[in-house]
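Participant: 3D model of this:
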Amino acid sequence: MNLKKILSVLVVAVTLLTGTIACKSKISDADLKAKVETAIQSNPNVQVEVKDGVVTLNGTAASDDEKAQIESAAKGADAKGVKSVVNNIVVNSIPTGTIEVNSNDADLQAKVTDFTKDFPSVKTAVVDGVITVTGELEQARVQALKMGLDALNPKKVDMSGLIVK
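Facilitator: Have a look, this model is predicted:
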C-alpha cells in the first residue's frame with residue numbers, strides 16, 4: 001500500500017516537473033529588442049528590429065570591426081532568445097581629409113528638402129546642424145535615406161523618430 005502511494009506521488013511530481021520545464025515561456029520580441037538595444041547603446045546610429053527572435057540591425061558604423069562588434073553584442077544580449085542576427089549595418093568610410101560640417105541651418109535645410117523630395121512620407125527638421133527625421137519609410141529605402149543625409153555633412157542625423165515598415 002505504501003509503495004502505491006509513493007509511486008503515485010512520484011508520477012505526479014515528475015509530470016508536474018516536466019510540465020513546468022516544457023511550459024517555460026520564451027522571451028518576447030519586445031523584451032529581446034530592449035536587451036539588444038541596451039547591449040548596443042554605445043552605437044546610436046544603429047536601429048534594432050526583432051521578429052520571432054530574429055534581430056535585424058540597421059544603421060551605420062565607422063569600421064568593419066565596429067560592425068562586427070555590434071553584431072556580436074546583439075547575439076550576446078540573450079544567447080537563447082536571439083535565433084539569428086541580420087546585419088544590415090553600412091560602414092561609412094571617412095576620407096583621410098577633414099570633413100567640413102554644414103552647420104548653416106538654412107543652407108542645410110534647403111539641401112535636405114531637395115534630397116528628400118523622393119521620400120514623400122518622411123519629414124525633416126534642421127536645428128543647430130542636426131537633421132531630425134520623422135515619418136514612415138520602407139525598410140529597403142532606409143539605407144539610401146541615411147547615406148544621402150550623411151552626405152550633406154550635418155553634425156548628426158537623428159532617425160530615432162522614423163518608423164520603419
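Participant: From now on I want contacts and neighbour counts done on CA atoms only, so please keep to that.
Facilitator: Noted.
Participant: What helix or strand is the residue most central in space within the chain located in?
Facilitator: Nearest to the mean C-alpha position of the chain, counting by Cα atoms, centre = their mean, stands residue 48 at 1.3 Å. Residue 48 is located in strand 46-51, with elements delineated by DSSP states H and E.
Participant: Excluding chain neighbours, give the residue nearest to the residue nearest to the centre of the chain in space.
Facilitator: Computed as Cα to Cα, 6 or more residues apart in numbering, the closest residue to residue 48 that is not its neighbour in sequence is residue 57, at 5.0 Å.
Participant: Next, work out how far apart residue 135 and residue 75 are.
Facilitator: Between residue 135 and residue 75 the distance is 29 Å, computed by Cα to Cα, to the nearest Å.
Participant: wait, I meant residue 2
Facilitator: Distance, residue 2 to residue 75, using Cα to Cα: 52 Å.
Participant: Between these two, which is the more surrounded one?
Facilitator: Each of residue 2 and residue 75 had its neighbours counted (other Cα atoms under 10 Å), and the higher figure belongs to residue 75 (20 against 7).
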